[in-house]
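# This is the structure alone, sequence omitted:
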């Protein structure tokens, strides 16, 4: 009987890195927007304080998401090669994630009052993360 019920072979360091990075940035995005900020609002904090805290934490988390997505791209590159990264759905999602994260950070810096655009950008980033979670882990069969 193997150690893991899910995987027949032990996971490589690349697969573990992929899963950890994905868990941190995708889980963090969803946790902040759908759990933490609504809980702070229900707890009775001032709405302006919750908005300020949310905008500061979202910018930090989106930057962290970009770093984690770049790390996942580095894990994916040896397996797929640079020219084929565009054809792999994981590569497409990661490149879109990095692009959306950079767009969010630039818009947040230059136009911080564009609340609807920032919210749309954040939710597209979170949805891209969920679509990435549904993709197979690189190097695991």
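All right, it came through fine. Just so you know, these numbers come straight off a predicted model, no measurement behind them.

# Regarding the protein, what is its longest helix?
For the chain, the longest helix by residue count, based on DSSP state H, is helix 47-80.

# What's the first helix or strand after that one?
Proceeding N to C from helix 47-80, the next assigned helix or strand is helix 89-110, under DSSP states H and E.

# Just the buried residues of that next one, please?
Under the neighbour-count criterion of 16 or more other CB atoms under 10 Å, helix 89-110 has 90-98, 100-101, 103-105, 108 buried. Every residue, glycine included, has its C-beta placed from N, CA and C.

# Which member of those residues is positioned nearest residue 82?
Distance to residue 82 across these (CB to CB) is lowest for residue 91, with 9.6 Å.

# mind showing which ranges of the protein have poor pLDDT?
Low-confidence segments of the chain, defined by pLDDT under 70: 1-11, 141.

# Spit out the contact partners of residue 47.
Shown in contact with residue 47 (CB atoms under 8 Å, 6 or more residues apart in numbering): residue 41.

# let's see it at 6 Å
The contact partners of residue 47, by CB atoms under 6 Å, 6 or more residues apart in numbering, come to none.

# Could you pull out the buried residues of the longest helix of the chain?
Of the residues in helix 47-80, 50, 54, 58-59, 61-62, 64-66, 68-69, 71-73, 75-76, 80 count as buried by neighbour count, 16+ other CB under 10 Å.

# which ones are touching residue 96?
With contacts taken as CB under 6 Å, 6+ apart, residue 96 has the following neighbours: residue 128.

# how close does residue 104 sit to residue 125?
Using CB to CB, to the nearest Å, residue 104 is found at 7 Å from residue 125.

# ditto for residue 16
Where residue 125 is concerned, residue 16 sits at a distance of 23 Å (CB to CB).

# Comparing these two, which residue is more hemmed in?
More neighbours sit around residue 125 than around the other of residue 16 and residue 125, counting by other CB atoms under 10 Å; the figures are 26 against 13.
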